[in-house]
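Peer 1: whatever this is, show me its structure:
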Amino acid sequence: MSWMPRRAIASVLGKLCHLMSLGRVDATTRMVTASGISQEFYVVGVASFVIGCVMRGAAQHAQRDPDRLSFVATVHLVVAALPLFQLAPSAAHDRLWRWLMDWIVYFHLPPRQDRINHRVIKKHRAKFPRKRPEHFAVPQPTRPFRDAVVMLT
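Peer 2: This is a model prediction of the structure:
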């Protein structure tokens, strides 16, 4: 498996874990067997890809950055709009699609806040004490090496 599918799988699982930690997604699976669970993860991956494509289309429609659109709001809007697409005649689908794109763009994310704390190590974690200025001035030997070493026999 190349790095691209692995990265996509990691991205989908990261989103899923984040949504589960917020309590917005039920963590239970419907399947009991291992193949059923892998099918559910596959469906979650495909659904995430489709929602991302819808978000990209809405962002292009409004000339905005797709990263500034809400993934969770897009999921709710698509789920709410599916029955409307099923009930409406095919001639109205284009108008419904534009309506859905406008609503997805409406629920954009607020601008990111600046960091308050810098990304630094707050506490020095070494076992040994830090070198002080007096440790840098090490006295140099005053006699040759042969005279400094004494052999004991």
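Peer 1: state the helix or strand in which the closest residue to Trp103 other than its chain neighbours lies.
Peer 2: Nearest residue to Trp103, sequence neighbours excluded (C-beta to C-beta, 6 or more residues apart in numbering): Leu77, at 5.4 Å. C-beta: built from backbone N, CA, C; applies to glycine. Per DSSP states H and E: Leu77 is located in helix 71-87.
Peer 1: helices or strands up against that helix?
Peer 2: On a contact count with 3 or more C-beta pairs under 8 Å, 6 or more residues apart in numbering; DSSP states H and E, helix 71-87 meets helix 34-62, helix 93-106.
Peer 1: could you check the angle it makes with helix 93-106?
Peer 2: In terms of direction (axes from the mean of the first three to the mean of the last three C-alpha atoms, to 10 degrees), helix 71-87 departs from helix 93-106 by 160 degrees.
Peer 1: angle of helix 71-87 against helix 34-62?
Peer 2: Between helix 71-87 and helix 34-62, the angle comes out at 90 degrees (the same axes, to 10 degrees).
Peer 1: contact partners for the residue nearest to Trp103?
Peer 2: Residues near Leu77 by C-beta atoms under 8 Å, 6 or more residues apart in numbering: Leu100, Trp103, Ile104, Phe107.
Peer 1: coming back round to it: any buried residues in the helix holding Leu77, and which?
Peer 2: Residues Phe71, Ala73, Thr74, Val75, Leu77, Val78, Ala81 are the ones in helix 71-87 that count as buried (16 or more other C-beta atoms under 10 Å).
Peer 1: again, but for stretch 46-63
Peer 2: Ser48, Ile51, Gly52, Val54, Met55, Ala58, Ala59.
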